[in-house]
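# Provide a 3D model corresponding to the input given below.
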Amino acid sequence: MEIQEEVKKVVKKAITKMKRQGGIRQVIWVGAGGSFGGFYGANYFLEQESTKLFTSMCTSGEFVYAAPRNLDENTLVVLCSMRGTRETVISAKIAKERGASTIALYVDESALIKISDYHIKYESLALDESRIERVNGSIGLCIAMNLLNEVEGYANYDLAMKTFALLDATYRRAVKYTTPLAKEWAELNQTEKTIYVLASGPAWGAAYVFSICNLEEMLQLNSPTIHSYEYFNGPFEVTDKGKSIFQLLATGKTRPEDERALRFEQRFGGKKLYALDGKEIGLDDLRPEVSPYFNHSLFSSILNNVYMRQLSSATSQSYETRRYMWKEEYL
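Reported below is the predicted structural model:
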């Protein structure tokens, strides 16, 4: 079964159930680390397209300690965890106790899918054999698009669903294109200890995941994530020719923010300034009505599987090593 059809069936079931409770009023996306950041595309889509559904994101830890007061039977909580992160499981319990409906995204079965009303299995974007329309960020976006279509209608729904089928081939072409570029970037940064990552709009979530999961967690490098507009409200003061800056250029409405940041970086940055353009990785090959919403799916996969891996190779730092994660007590 295509993932689009699987998601459509799950969303229809959730919406039908919630109609008996007064209907759906809001969606909350909950996760930890990459599972949290992966929902950014879904949340961004609803912020841009919905006039009736309130949407928000919350880390699993914050949901446990400070769940929103308006969490109730008119709320759909969508949770994601590859293996059943403790706080994400507790978040599902809290959501259920407050009467909310829940959908869980998972790779390995855990208590999360036993607690949640509905569940969808996803494929890890870190595996070369995984299809990009089936990774967590893509499924989250598909859920958001189906929710919008069910609740208030989405004019580009059919086009968007067809676009999911194009993602994997687009990604494979982008891998071939970016691999030699990423190798050059990695060799230039093989002794760098801090890499600044900038983005905005539909690419912001990919920048966040690249920083905290790829560079900091996997390669133990310092990596501040900076919004392209907020760059001019403080962070641009650290720009100089010695800094390593990685700028994402999103496609869509907020692209001028990224272009403005890049122009300044080109004036005052140095040889370690690097820009990865969404147009280069195939987003402009998708129909403009929907292509901006697929920034996260393509950027995140390329950053993880091409740029992070090339930097790992150049630094001889295995991306499978950890200092604390799964080794030290941090519950």
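
# ok so Thr179 is a strand residue?
No - under the criterion used here (DSSP: H, G, I helix; E, B strand; the rest coil), Thr179 is helix, not part of a strand.

# any idea where the helices of the chain begin and end?
For the chain, the helices defined by DSSP state H cover 3-19, 34-37, 40-49, 60-66, 86-97, 111-115, 136-151, 157-164, 167-188, 204-209, 255-268, 295-302, 309-315.

# how about these, which one is nearest Tyr274?
helix 167-188 (5.2 Å; C-beta to C-beta). For glycine as for every other residue, the C-beta is placed from the backbone atoms N, C-alpha and C.

# buried ones in that closest one?
Within helix 167-188, the residues that count as buried by 16 or more other C-beta atoms under 10 Å are 167-168, 170-171, 174, 178, 182-183, 185-186.

# Just send those back as a markdown table, with pLDDT and distance to Val107 too.
As requested, the buried residues of helix 167-188 are arranged in a markdown table below (pLDDT from 0 to 100; distance: C-beta to C-beta, whole Å):
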| residue | pLDDT | distance to Val107 |
| --- | --- | --- |
| Leu167 | 97 | 19 |
| Asp168 | 97 | 18 |
| Thr170 | 98 | 23 |
| Tyr171 | 98 | 19 |
| Ala174 | 98 | 23 |
| Thr178 | 98 | 25 |
| Ala182 | 98 | 26 |
| Lys183 | 98 | 29 |
| Trp185 | 98 | 29 |
| Ala186 | 98 | 28 |
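
# Ser244: which of those is nearest?
Trp185 (9.3 Å).

# from what I can see the closest one touches Lys271, true?
No - with contact defined as C-beta atoms under 8 Å, Trp185 does not reach Lys271; the gap is 10.7 Å.

# what's the burial count for Glu6?
Using other C-beta atoms under 10 Å, Glu6 has 15 neighbouring residues.

# Also the one 10 residues further on?
Other residues within reach of Thr16 by the criterion other C-beta under 10 Å amount to 10.

# just Thr51 next, same as before
Close neighbours of Thr51, defined as other C-beta under 10 Å, add up to 7.

# Hmm, it is touching Tyr154, no?
No - at 11.3 Å, Thr51 does not count as touching Tyr154 under the criterion of C-beta under 8 Å.

# Gly84 versus the spatially most central residue of the chain, what's the distance?
The chain has Gly38 as the residue nearest its centroid, 2.6 Å off, counting by C-alpha atoms, centre = their mean. Separation of Gly38 from Gly84 (C-beta to C-beta, to the nearest Å): 16 Å.

# Ok, Gln310 next?
From Gln310 to Gly84 the distance is 31 Å (C-beta to C-beta).

# on that earlier part again, quick one: which of the buried residues of helix 167-188 is nearest Arg263?
Distance to Arg263, by C-beta to C-beta, is smallest for Trp185 among the buried residues of helix 167-188, at 20.0 Å.

# Apart from its neighbours in sequence, what residue is nearest the closest one?
The shortest distance from Trp185 to any non-neighbouring residue, by C-beta to C-beta, 6 or more residues apart in numbering, is to Tyr274 (5.2 Å).

# swap in Gly140?
Ala42 is the one closest to Gly140 (C-beta to C-beta, 6+ apart), at 3.8 Å.

# how deep is the one you found tucked in, by neighbour count?
28.

# I'm done for today, thanks for sticking with me.
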